[in-house]
Each structure stands twice: as structure tokens, then as C-alpha cells.
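Enquirer: Next input, structure requested:
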Amino acid sequence: MSAESRTTSPAIVGVGTSVPGTSYSQRELLDIFGITDPRIRSIFLNSAIDRRALTLPPRLPDGSMPVETQGQLLAKHVTSGVTLGRQAVEACLGAAGATLADVRYLCCVTSTGLLTPGFSALLIKELGIDRHCARLDVVGMGCNAGLNGLTSVASWAAAHPGELALMVCIEACSAAYVMDGTMRSAVVNSLFGDGSAAVAVVAPPAAGPAVVEPAAPGPAATPAGPALLRFSSCIVPEASGAMRYDWDDVQGKFSFYLDPDIPYVVGAHAELSLDRLLDGTGLNRSDISHWVIHSGGKKVVDSVRVNLGLTRKDVRHTTGVLRDHGNLSSGSFLFSYERLVAEACAEPGEFGVLMTMGPGSTIELALVGW
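Expert: Sure thing, here's the model as predicted:
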């Protein structure tokens, strides 16, 4: 991988995240939902998750939690999503030293509800972004979708050097909960949290380092972060039903399903996926200094770590996000990347891998270089 590619490829110039102000421990959630089944309690308490931020309805007069209709869940998806998305975008632009006036492309990613018009139109209106901003909505691709969206963002940025592109992942996972007492629902309800994450990308002009070119009298030009060097995808068609969103006629709402074997399916294909990403770059696995992996769940992270020969330190940001927030679906990897940035440990010349996993079943990867 040449040094030139790191100065000509689109680069990450900022990241920002947001979660609801209401956070709950796993034990608190068991009490709130009145869960007494020891099997389900064990799932919650052995998840490697301490707390999750969720948007829950007010309790009924008797102290119990009301059952939300599908309409109420969709309304929460929109209301909470716009709020969280706005906060993440504002944090991201602050980190990039840019303003809303600089945004030329907006990609919104979500899997926790369906709405038309999508979040891109709603956020352009909410934030006052220029009406001529190009946009894209990625809906329903699941936890892997952040890297699918980032692929498109990087491609747009490469075609428009010097112009700022944003991706924002908006996941109100509490809008996808079904409380029916089944083991199927218990696994989902024990795992996911609400949150939004945004990332800013810009490709450098024909010469010189990557910068944000703000509209006058905007902020000073911002140095680039890691370059997005290449992307790779791997789909496991025989496991297409292992993660899926179904309509539940009994409950009258959508219900998410996770196959118990999915951690092993993902782990078994992790090495193949990584080899394809690195093929032709001249890089070996040992050349990768930083790993940003989707916090899909304890078993998923452990399976990927073992199959790729990673250390616990390699996945510290992933396990930290899982502990503090749970699985945040498509934006999880950006929460981990934000922690990597805060650590300020990446050095010029080093490489990193971004990895997400989700329905399909799929593994998405990106190679980045500082």
C-alpha cells in the first residue's frame, strides 16, 4: 500500500456520537420489565453489558411498563432519531472544525424503523442544511450498514474533492423491542441500546493534504484523519435467515431475530473476509495496528477475536462500547472509532481495520491508514 494512496484517498476528518439521557443497568431493566424467568435474567446479566441508554415510555400508575403499539414505536423512532441524529451531526462537525454550511452530501443509515421521507430529508430540514445537499438513505441493512453507507460516502467524496460528506447512523433500538416473554425476544432486548453516530469525510484537492474547504468566513481548514483506502464485503448466503426482521401477527409489530449460531458463523468467515481486504496491498495481518470492530455482542466479539488471533487489547474499544452502551447497531463501530481517536495512539504510517457484521449474513471491512 503506497504512501501516495494515503494522501489522495478520502479521509475521515471528524466523528461525533449521541445517546439518550436515560441510561439503565441490566438489573434495572429486569426490574422495570418485571422479568423473573431465571433463564432470561441470566441472558441479561451475562451479556458483558453494564448499562444501555434507552428511550422508554413513562410507567403506568401501578408502576408497570406500558406495552407500546407499532405506531408508538415508529413515532419514537422518528422523534428520538431526529434528536439523536442532530446531536451526533453537531458533535461531528465540531470535531471536524466545520459548520452546517459546509455539508454537501448527507447519508443517513437506520434499521430500527421505516419512514418516508427518510432521515436525510428530516435532518436537512431540522438542521437547516442547504436544500441542494445531495443525500442518501440506507434503510434496513442492519448492524453492518455503517460501512455500506461509508462506502458510498467515500465514493461521493472522491468524486467531489474538497467537499464535505457526512454519514449519520441513527438507531433507536428501543423502537424495535417486543416484550413477549420469549427467549427469542429476550436475546434482542438484553443486547441493543439507542444511539447515533456521525462521521465526516473529505477527499483532498488534487495536491496537498486533505482539508475541509468551508464557505467564507467559516472555520480554518481541518487536517485529515485516517484515509479510507479500500472496502471489502463478504456475504454468507446460507445464513441469510440468521438475523432478520419479521412481522409478528400475534404482537402486531415487527420483531428482530438472532440465531444462536450467528457468532460462530461470523467468526468462521472473519479470516476469509480480512484476507480479501488485504489482498494485493502488500500488507499482512501483523501490519494492522488498530482494530475497530462492531460491538455485536460478547460471543460475536470473542469469536472474531479468536479467529483473527487478536488480543483483548486489540478489541478494547469494542468491548468498552458494548459494556457502556450495548449493541448500537449500525453506529457501533463509530463509537469505538471515537474512543480510538480520543486515545490519540495512532501514528503516521500505521494501518487500521474497520469491521461490521449483520444480516445477510454479512461482514463488511474497510482498511484505513494514518
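Enquirer: can you pull out the helices in the stretch 201-350 of the chain?
Expert: 262-278, 298-308, 316-325, 332-343 (DSSP state H, counting those that start in this stretch).
Enquirer: Between those helices, which one is closest to Q26.
Expert: helix 316-325 (10.7 Å; CB to CB). C-betas here are computed from N, CA, C, even on glycine.
Enquirer: just to revisit the earlier point, for the helices of the stretch 201-350 of the chain, give me CSV that also has mean pLDDT.
Expert: Shown next, in CSV, are the helices of the stretch 201-350 of the chain (pLDDT from 0 to 100):
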stretch, mean pLDDT
helix 262-278, 95
helix 298-308, 97
helix 316-325, 98
helix 332-343, 98
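Enquirer: Kindly reformat those as JSON lines containing mean neighbour count.
Expert: Below are those laid out as JSON lines (neighbours: other CB atoms under 10 Å):
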{"stretch": "helix 262-278", "mean neighbour count": "19"}
{"stretch": "helix 298-308", "mean neighbour count": "20"}
{"stretch": "helix 316-325", "mean neighbour count": "21"}
{"stretch": "helix 332-343", "mean neighbour count": "22"}
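Enquirer: want to try JSON lines for the ones you listed, with distance to E350 as columns?
Expert: Below are the helices of the stretch 201-350 of the chain laid out as JSON lines (distance: least, CB to CB, whole Å):
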{"stretch": "helix 262-278", "distance to E350": "15"}
{"stretch": "helix 298-308", "distance to E350": "17"}
{"stretch": "helix 316-325", "distance to E350": "15"}
{"stretch": "helix 332-343", "distance to E350": "11"}
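Enquirer: of all those, which lies closest to L45?
Expert: Comparing the helices of the stretch 201-350 of the chain by CB to CB, helix 298-308 comes nearest, at 11.9 Å.
Enquirer: Any idea how far that closest one is from the middle of the chain?
Expert: Its chain's C-alpha centre lies 18 Å from the corresponding centre of helix 298-308 when counted by CA atoms, centre = their mean, to the nearest Å.
Enquirer: all strands in the chain, in order from the N-terminus.
Expert: In the chain, the segments counted as strands under DSSP state E are 11-18, 23-25, 51-53, 103-110, 134-139, 164-171, 195-202, 227-235, 243-248, 253-258, 288-293, 351-358, 362-369.
Enquirer: what does the second one contact?
Expert: Outside of strand 23-25, the residues within contact range by CB atoms under 8 Å, 6 or more residues apart in numbering are I32, D50, R51, R52, A53, L54, L56.
Enquirer: Between its first and last residues, how far does stretch 320-334 reach?
Expert: Using CA to CA, to the nearest Å, the end-to-end distance of stretch 320-334 comes out at 13 Å.
Enquirer: right, I mislabeled it, should have said stretch 311-320
Expert: 14 Å.
Enquirer: quick one: contacts of stretch 335-348?
Expert: 12, 15-17, 195, 197, 199, 225-226, 289-290, 292-295, 317-318, 320-321, 325, 328, 352, 354, 370.
Enquirer: Now for the residue nearest to H77 when sequence neighbours are not counted: which residues touch it?
Expert: Spatial nearest neighbour of H77, chain neighbours left out: G113 (3.0 Å); criterion: CB to CB, 6 or more residues apart in numbering. The contact partners of G113, taken as CB under 8 Å, 6+ apart, are L73, L74, H77, V78, G81, A172, A175, A176.
Enquirer: Please consider this matter closed, and thank you.
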